[in-house]
Each structure stands twice: as C-alpha cells, then as structure tokens.
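Trainee: missing the sequence, but the structure's below:
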C-alpha cells in the first residue's frame, strides 16, 4: 500500500549495521516482494509530481504549494534536519527548494489577538476567537 515506505525500509536495512530482529525480518520479507520502482520524477518540474506521504498524500506538488505554504515551509525545515528522508519526502523537498514559497505572515497585529492561525483545525481563525471559544486548544 505504501511502496515509498517499503523502499525506504530496504534502503535503511542495507545501511544499518545492526538492525533489530523485527526490522531485519521485515526487510528480508520485503526483499522477496514485488515492490514497484520509484517514479522517475518526470513532470515534477512543473509541479505535477504527486506527494506520496503525509496529510497531502496523492495531491500534486503545485496544489499543496498553492493551498498550504505553511506545510511547504515545514517540509523544507524538516528536510534540512533529517539525515535520511524517504525518497518521496526528499523528492518533494527538492522540488520545493526550487520554488518561490510565500513568506510566513509577519505577525503584525498579533498582540491584540487579530493574528490568524495558519494550521490545524482552527486554520483561518483569529487568535482571540480560538482562545475564547476553545481555551483547551491553547493550553
């Protein structure tokens, strides 16, 4: 169901000198399976590549960049600190690094609670509204 993850496990197994027995058993079993090759990446330059992981799985790179630039900034931050990302993650991060990602909101006006949340279940709502209506979320 997730060939990118399977390819990632096989890569990790090949480079891990002392894997746990469960990990090793899984990798051995995976190596006997017919796991599809990774996509060639053709078309990714125009944003038509498809995300193969996470909350945006199955969506095109360009759609996610347009609709969720905060997520794209997060991916680039994670890519810089992740020593061994999955191929799908790495492909998306590489594509993102060549794009003009809008800057994060400056936060002006946030002191009065008028700032807008840009993530999660309260995305698009003001700080003050969320604090008033869902204080447990803010704790």
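Mentor: Received the coordinates, thanks. Bear in mind that the values here come from a model prediction, so they are computed numbers and not experimental data. Residues are numbered from 1 along each chain as shown.
Trainee: which other helices and strands contact the helix or strand bottoming out on mean pLDDT in the chain?
Mentor: Lowest on mean pLDDT, DSSP states H and E among the helices and strands of the chain sits helix 3-15, with a mean of 79. For helix 3-15, the elements it packs on are helix 21-31, helix 87-97, judged by 3 or more C-beta pairs under 8 Å, 6 or more residues apart in numbering; DSSP states H and E. All C-beta atoms are positioned from the backbone trio N, CA, C, and that covers glycine.
Trainee: residue 59 and residue 7, how far apart?
Mentor: As judged by C-beta to C-beta, to the nearest Å, residue 59 and residue 7 stand 20 Å apart.
Trainee: oops, could you answer that again for residue 61 instead?
Mentor: Residue 61 is 19 Å from residue 7, by C-beta to C-beta.
Trainee: so residue 59 and residue 7 - more neighbours on which side?
Mentor: More neighbours surround residue 7 than the other of residue 59 and residue 7, with 18 against 14 (other C-beta atoms under 10 Å).
Trainee: neighbours around the closest residue to residue 57 other than its chain neighbours, how many?
Mentor: Spatially, and ignoring its direct neighbours in sequence, residue 57 is nearest to residue 51 (5.8 Å; C-beta to C-beta, 6 or more residues apart in numbering). Residue 51 is flanked by 22 other residues according to other C-beta under 10 Å.
Trainee: cool, the one 4 residues further on as well?
Mentor: Burial measure for residue 55: 9 neighbouring residues, criterion other C-beta under 10 Å.
Trainee: hmm, who's touching stretch 13-23?
Mentor: 9, 12, 24, 27, 31 (C-beta atoms under 8 Å, 6 or more residues apart in numbering).
Trainee: nice, that's everything, thank you.
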